[in-house]
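**Q** A predicted structure for the sequence below; I have some questions about it.
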Amino acid sequence: MGKKLLVLGASGNTGQHLVKQALERDHHVTALVRDPAKIEIKHDKLSVEKCDVFNKEEMRPHLENAEVVLSCLGFPLQRKEPVPYYLQVAQVLSETMHEFGKRRVVFMHSWYTHPESRARCRGFFLKNFFLPYVIGQSLNGMRLSEEYLDSTDHLDYTCIQPAHLLDGPVTDKKFILNETDSCIADAAQEINRADVARYMLDVIDDESSYRKIRAIGVGVDVTDKAILTDDNHSYVPNCPIRISRADVARYMLDVIDDEGSYRKIRAMGIEGDDSYMAVIMEQIDEFKKVIFRN
């Protein structure tokens, strides 16, 4: 039997996947948004409500009727101080849910909320610029809310920490979990938002996930994309910046009898649209937005 779900951040990219999948699983969904017009889904079991999630009085009637709360909220980046809104929402939910004896809440956060995990980040630019200077204060804000939730004794919370979010479809890939670190070394560095929504719904009744901060990811798939190489540079121009370990292993096996690869130092990548420089410039643009904010 479906549950009464209250979804915060329902109009966002992940939130809309969550609402759609929850309805497909026969749950009753109340979607809280700032602008109801952004929710285009129509369903007998869906109620879309305009609400200020920081206002306890506005939140009370929705929390009183909910069995499970799920938050996909995200907030604007900040440069100098931890983004405060993750903690503020956690406090509003904690205090108001306590009034009604409600316990179950699931949050979507991110990899690398724990500062020590950032040292294990793969990728020079991501580790040394993007994490500390672009999204670092968002991660710090999430971490403050996690520490607050851990200090409560009346919530069965789960903080889901997904890898970098993509807009692909829901899959049936097996999830890889880590409850001791906020990243996963042997998982892909990306995960579809639709799969994050799938996991959030999977755990709403999973008592093993209660009071847990859990990094999630999916396995790395070998592809059939063409391998691009360059024997003259230590990178491949006009090539995606990332390649999966599975495809690296595929290429290593491909060349064991390839005499053309003997005595060569060879850069390699795979075909794709997101060229090396395009990705770098996109990340630099995000970096500049934060550095020059106000």
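**A** Yep, that arrived.
**Q** show me the contacts for the nearest residue to Ala226 once chain neighbours are set aside.
**A** Leaving out its chain neighbours, the residue that sits closest to Ala226 by C-beta to C-beta, 6 or more residues apart in numbering is Glu271, at 4.5 Å. Just so you know, the C-beta spots here come from the backbone N, C-alpha and C atoms, and that holds for glycine as well. The neighbours of Glu271, taking C-beta atoms under 8 Å, 6 or more residues apart in numbering as the test, are 225-226, 228, 239-240.
**Q** mind running it again at 10 Å?
**A** By C-beta atoms under 10 Å, 6 or more residues apart in numbering, the contact list for Glu271 reads 223, 225-228, 238-240.
**Q** can you check Val220 too?
**A** Contacts of Val220 (C-beta under 10 Å, 6+ apart): 176, 186-190, 243-249.
**Q** Which of these fall within helices?
**A** Among these, the members found in helices (DSSP state H) are 245-249.
**Q** Can you turn the buried part of those into a ChimeraX selection?
**A** Selecting only the buried entries of those in ChimeraX, with 16 or more other C-beta atoms under 10 Å as the criterion:
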select :247,248
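**Q** burial measure for Arg122, as a count.
**A** 10 (other C-beta atoms under 10 Å).
**Q** Per-residue pLDDT of it, please?
**A** Note on Arg122: pLDDT of 79.
**Q** Just give the closest residue to it, not the sequence neighbours.
**A** Here the residue nearest Arg122, using C-beta to C-beta, 6+ apart, is Gln189, at 6.7 Å.
**Q** Need the nearest residue in space to Ile135, chain neighbours excluded.
**A** Excluding its sequence neighbours, the residue lying closest to Ile135 (C-beta to C-beta, 6+ apart) is Leu77, at 6.5 Å.
**Q** for the one you found, helix, strand, or coil?
**A** At Leu77 the chain is in coil, as set by DSSP: H, G, I helix; E, B strand; the rest coil.
**Q** same check, this time on the one 5 residues further on
**A** The local conformation at Pro82, judged by three-state DSSP, is coil.
**Q** Check the one 4 residues further on too.
**A** Classification of Tyr86 into helix, strand or coil gives helix, according to three-state DSSP.
**Q** Enumerate every residue touching it.
**A** Neighbour list for Tyr86: 71, 73-75, 107, 109, 113, 138-146, 148, 159 [criterion: C-beta under 10 Å, 6+ apart].
**Q** if you go through the stretch 101-250 of the chain in chain order, where are the helices?
**A** Assigned by DSSP state H, counting those that start in this stretch, the stretch 101-250 of the chain shows helices spanning 124-125, 136-151, 193-202, 245-254.
**Q** could you redo those helices as TSV and give each row distance to Arg214?
**A** Below are those laid out as TSV (distance: least, C-beta to C-beta, whole Å):
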stretch	distance to Arg214
helix 124-125	27
helix 136-151	11
helix 193-202	9
helix 245-254	23
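**Q** and these, which is most packed in?
**A** Mean neighbour count, computed with mean count of other C-beta atoms under 10 Å, is highest for helix 193-202 among the helices of the stretch 101-250 of the chain, reaching a mean of 22.
**Q** who does that helix touch, helix- and strand-wise?
**A** strand 4-8, helix 13-24, strand 68-71, strand 104-108, strand 156-162, strand 164-166, strand 175-178, strand 212-218 (3 or more C-beta pairs under 10 Å, 6 or more residues apart in numbering; DSSP states H and E).
**Q** quick one, that helix and helix 13-24 angle?
**A** Relative orientation of helix 193-202 versus helix 13-24 (axes from the mean of the first three to the mean of the last three C-alpha atoms, to 10 degrees): 50 degrees.
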